[in-house]
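Novice: Here's my sequence, what's the structure:
(3 chains)
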Amino acid sequence: MALTVLICDDSLLARNQLKKSLPADFDASIVTASNGLEALAILRSTEIGLVFLDLTMPELDGVGVLEAIKAEAMDCLVIVVSADIQPEMQKRVMDLGALAFVRKPASAEKLAEVMHKYGLI
Amino acid sequence: MQIAGLLQPLLAQLNSGVLVLDAEYRLVFINQFIARRANLVLAEVQGQLLFDVFTDLPRAWLQRKLDSVQELQIPAFSNWEQRQYIFKLPHLRPLSTGSQYMAQNCSIMPLSSADNNAGYICILIEDATDAFVYQQQLHNSMQQLEQANRIDGLTGIFNRRYWQQQLQLELQRATRYQHPLSLLLFDLDKFKQLNDTYGHQGGDAVLMSVSQQIATLLRDTDIFGRYGGEEFGVILPETALSGAMMVANRVCQAIASQTVSYNQQHIAVTLSIGVASFTGQSVDELIQQTDIALYNAKRQGRNCVRAYASEQNYLKKVN
Amino acid sequence: MTTLYFTEEQRDCLQELVNVAMGQASDKLARYLDTLVHLQVPAIALVETEQLPEHFARRYPQHNASLISLGFFGDQGLRGETIMLYQLENVGVIAQLLGYDDDDSSEAEMLTDISSVLTTTFLNGLAEQLENSFSYAAPRILSSRDQHFVQKLADTASQWQLALQVDIRYQLIDYSFNCDMMLLVPGEAVLQLRQMLNKVLAGF
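Specialist: From the prediction side, this is the model:
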């Protein structure tokens, strides 16, 4: 069964960048959201296996999404892809249950490495 | 063409100072601009710590700047308006400025060479002495202008506008701190006649001489101004009526006891002085009361001092 | 002037570049200043410079703000100016932040120092993503306590016909301090910037 992946970022460029950077052999259908609230609506209505989550976003930011995922015990993996690379922020999202932190702009190699590490490809 | 070969001569002729430091802040290079002004030889200081070679740098301040440049890989700046100089170097305008050291604009930049990743730092020093000198001149002119704005051209004492402003301020101060204040207004006796006899230049000479003489009799805190043609005023802060009367009598006697020399002639001058003290009146009321006392002195024979008393109001009508 | 517009794609692209540059800058700052810097989504707009003073008058209704300008120049005609705005109550906090409480640095010096740190870290990140590099002019204080900054801004803005305005808010979590940065890019440099953005977009 193909995985459904959610890419959540307020920037179209960043979403496209990420889509193009995913490994070619990664068999998944992709949905996108442009802010945290949209992401939560999709997460609540669709079975999502993996989320690529930006942090700095309007409406609801990535930290808010992570908190909701934790509070509602949603069953999905989250890889944070963010420009906010401060050590404290990285620690904070990992504490909230994120699987990994990838700095923006995310390179194909880095994504492949992380996904391989967690058995996603 | 090899541009690299030209860089050394260019740096030598550059009219700005260039210092290059390594990551430990040891001198790697100084150009001729710095070497000559600081009286150093590159070969002798190369490899030495910046702060050992230039011992009078603002050390804590510069250290912090250098640290931020190295850590963040961003430039840092300092300009002469905020910090006149960083390196104590002589400048080339020794005659036209009172400043001993070269005013400087300073840029501190991260520098990395292609062959070596170790972070170097370049300090660029630009001579801003000319700008500094112009600003000093401007500042002086502004001060002179401000001074000129409050001085009476003929006598060199305060003009009426400034004197009245000061009276307002002194009155506010006296009110706030409940301190005494007195006012003198005086007038040269028969000045019109004097002008007719000696001419306007003679009259002017008398006004100048009299104001100079009176100025020497006053305290630094007294405020002496020319109120009108031959009318003068003195604000006496911290002075009650009795003290003011003493000052007025001293002025009156001093002027009467001397003559003014003009064109080999000796002109006798006398004054009539009115005195009033501040008891909560407005500026206009205080001036009016002092004026009444002055008219009273005139009426009672001139060359004398009279204090204002409230029952003297009716004398206002007398000229 | 009618040729100066951004497509939604270009705007989005720039916004993302600004985001990443801010991320890099705040990471450096957080390490340097030892505090967490809070990032907000920057607002990007092409504005008539005439509107700038009004915009800031609304945003800073009090008069006691300081403006520090820092000019930059890159390759291919890209150039601009950043203006940082501080509330003056913050000056003490800045001193504490920079470790300036122990010497004779003036208020003006502290403001220009923090400005050049905040803006050049950000601009270096932006330049890198555009495959450019910037050189910087020394920061200048445009206004201080005694001058009304909106008037100052109006005087400055008159030299720019049209500008790209990027409002960035820096907030330092451990200190009650924030300041705004405005990035102004003049008309002809906006055209250059657009081409650079197209190049970035073409890569994806």
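
Novice: Identify the residues contacting residue 17.
Specialist: Reading this off chain A. With contact set as CB atoms under 8 Å, 6 or more residues apart in numbering or on different chains, residue A:17 has these partners: A:105, A:106, C:204. Heads up, the C-betas are built off the backbone N, CA and C, glycines and all.

Novice: The chain in question should be chain B.
Specialist: So residue B:17 contacts B:30, B:31, B:33, B:34, B:37, B:87, B:89, B:123, B:124, B:125, B:126 (CB under 8 Å, 6+ apart).

Novice: again, 7 Å this time
Specialist: Going by CB atoms under 7 Å, 6 or more residues apart in numbering or on different chains, residue B:17 touches B:31, B:33, B:34, B:124, B:125.

Novice: So residue B:171 sits against residue B:284, correct?
Specialist: No - Residue B:171 is not in contact with residue B:284 according to CB atoms under 7 Å; the separation is 10.7 Å.

Novice: Which one of the two is surrounded by more residues?
Specialist: Ranked by neighbour count (other CB atoms under 10 Å in any protein chain shown), residue B:171 and residue B:284 place residue B:171 first, with 20 against 8.

Novice: got the contact list for the closest residue to that one other than its chain neighbours?
Specialist: Of all residues not flanking residue B:171 in the chain, residue B:283 sits nearest, at 5.8 Å (CB to CB, 6 or more residues apart in numbering or on different chains). For residue B:283, the contact set (CB under 7 Å, 6+ apart) comprises B:167, B:168, B:171.

Novice: same deal with residue C:111?
Specialist: Residue C:111 is in contact with C:66, C:68, C:86, C:141, counting by CB under 7 Å, 6+ apart.

Novice: Out of these, which two sit at the greatest distance?
Specialist: Farthest pair in those (CB to CB) is C:86 and C:141. Separation: 10.4 Å.

Novice: Are there residues contacting both of those two? Which ones?
Specialist: Common neighbours of residue C:86 and residue C:141, using CB under 7 Å, 6+ apart, are C:66, C:111.

Novice: which of the two has more neighbours?
Specialist: More neighbours surround residue C:86 than the other of residue C:86 and residue C:141, with 23 against 20 (other CB under 10 Å).

Novice: For the lowest-mean-pLDDT helix or strand in chain B, which residues meet the burial criterion?
Specialist: One helix or strand of chain B scores below all others by mean pLDDT, DSSP states H and E: helix B:129-148, with a mean of 85. By neighbour count on 16 or more other CB atoms under 10 Å in any protein chain shown, the buried set for helix B:129-148 is B:129, B:132, B:133.

Novice: Show me what it is packed against.
Specialist: Taking 3 or more CB pairs under 7 Å, 6 or more residues apart in numbering or on different chains; DSSP states H and E as the contact definition, helix B:129-148 has no neighbouring helices or strands.

Novice: Quick one: list the elements packing against the longest helix seen in chain C.
Specialist: Looking across chain C with DSSP state H, the single longest helix is helix C:8-33. Using 3+ CB pairs under 7 Å, 6+ apart, the elements in contact with helix C:8-33 are helix A:12-21, helix B:59-72, strand C:37-39, strand C:43-48, helix C:107-129, strand C:162-172, helix C:187-202.

Novice: got these as CSV, with mean pLDDT and distance to residue B:52 columns?
Specialist: Listed next are the helices and strands packed on helix C:8-33 as CSV, based on pLDDT from 0 to 100; distance: least, CB to CB, whole Å:
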stretch, mean pLDDT, distance to residue B:52
helix A:12-21, 89, 50
helix B:59-72, 88, 11
strand C:37-39, 73, 37
strand C:43-48, 76, 49
helix C:107-129, 85, 25
strand C:162-172, 73, 36
helix C:187-202, 86, 45
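
Novice: burial of the residue in chain A that chain C sits nearest to, as a residue count?
Specialist: Shortest chain A-to-chain C distance, computed as CB to the nearest CB: residue-wise this is residue A:83, at 2.8 Å. If you count neighbours by other CB under 10 Å, residue A:83 ends up with 26.

Novice: give me every residue that touches it.
Specialist: Residue A:83 sits next to A:56, A:104, C:19, C:20, C:22, C:23 when contact means CB under 7 Å, 6+ apart.

Novice: Tell me who's in contact with the nearest residue to it once chain neighbours are set aside.
Specialist: Nearest residue to residue A:83, sequence neighbours excluded (CB to CB, 6+ apart): residue C:23, at 2.8 Å. Applying CB under 7 Å, 6+ apart, we find residue C:23 in contact with A:82, A:83, A:84, A:85, A:104, C:39.

Novice: Quick check: the farthest pair among those?
Specialist: Between any two of the contacts of residue C:23, the greatest separation by CB to CB is 12.1 Å, found for A:104 and C:39.

Novice: So what sits opposite residue A:31 in the bridge?
Specialist: Note on residue A:31: beta-bridge partners by DSSP bridges are residue A:6.

Novice: Now do it against residue A:79, distance only.
Specialist: Residue A:31 sits at a distance of 15 Å from residue A:79 (criterion: CB to CB, to the nearest Å).

Novice: Who has more neighbours out of those two?
Specialist: For residue A:31 versus residue A:79, neighbours defined as other CB under 10 Å are more numerous around residue A:79 (21 against 16).

Novice: Return the residues of chain A in contact with chain C.
Specialist: A:10-14, A:16-17, A:20, A:56-58, A:82-86, A:88, A:104-105 (CB under 7 Å from any CB of the partner chain).

Novice: ok but residue B:196 is inside a helix, no?
Specialist: Yes - assessed with DSSP: H, G, I helix; E, B strand; the rest coil, residue B:196 lies in a helix.

Novice: Need the pLDDT of it.
Specialist: On pLDDT, residue B:196 comes in at 89.

Novice: Could you tell me how many residues sit around it?
Specialist: Residue B:196 has 12 nearby residues by other CB under 10 Å.

Novice: sorry, back to before: just the buried members of the residues of chain A next to chain C?
Specialist: A:10-14, A:16-17, A:56-57, A:82-86, A:104-105.

Novice: Identify, from those, the entry nearest to residue A:36.
Specialist: residue A:57 (5.6 Å).

Novice: Can you pull the residues of chain C lying near chain A?
Specialist: Residues of chain C lying near chain A by CB under 7 Å from any CB: C:9, C:12-13, C:15-16, C:19-20, C:22-23, C:26-27, C:30, C:36-37, C:39, C:41, C:204.

Novice: Please report how far the spatially most central residue of chain A lies from residue A:77.
Specialist: Chain A has residue A:52 as the residue nearest its centroid, 1.5 Å off, counting by CA atoms, centre = their mean. For residue A:52, the distance to residue A:77 equals 10 Å [CB to CB].

Novice: which stretches of chain A form helices?
Specialist: For chain A, the helices defined by DSSP H occupy A:12-21, A:36-45, A:62-71, A:87-95, A:108-117.

Novice: between those helices, which gets nearest to residue C:130?
Specialist: The nearest among the helices of chain A, by CB to CB, is helix A:12-21 at 13.3 Å.

Novice: Name the residues of stretch B:147-157 that come out as buried.
Specialist: Within stretch B:147-157, the residues that qualify as buried are B:151, B:152, B:155, B:157, counting by 16+ other CB under 10 Å.

Novice: list the contacts for the first one?
Specialist: Contacts for residue B:151 were tallied using CB under 7 Å, 6+ apart; they are B:158, B:159.

Novice: now do the second one
Specialist: The neighbours of residue B:152, taking CB under 7 Å, 6+ apart as the test, are B:158, B:159, B:226.

Novice: which non-adjacent residue is nearest the first one?
Specialist: For residue B:158, the nearest residue in space outside its immediate sequence neighbours is residue B:225; the separation is 3.8 Å by CB to CB, 6+ apart.

Novice: Give me the three-state assignment for the one you found.
Specialist: strand.

Novice: For residue C:125, list the residues it contacts.
Specialist: C:20, C:21, C:24, C:25.

Novice: brain fart, residue C:192
Specialist: C:76, C:77, C:78.

Novice: Can you select the buried ones from the residues you listed in PyMOL?
Specialist: Filtering those down to the buried ones (16+ other CB under 10 Å) takes a single PyMOL command:
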select buried, chain C and resi 78
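
Novice: Thanks again, I'm all set now.
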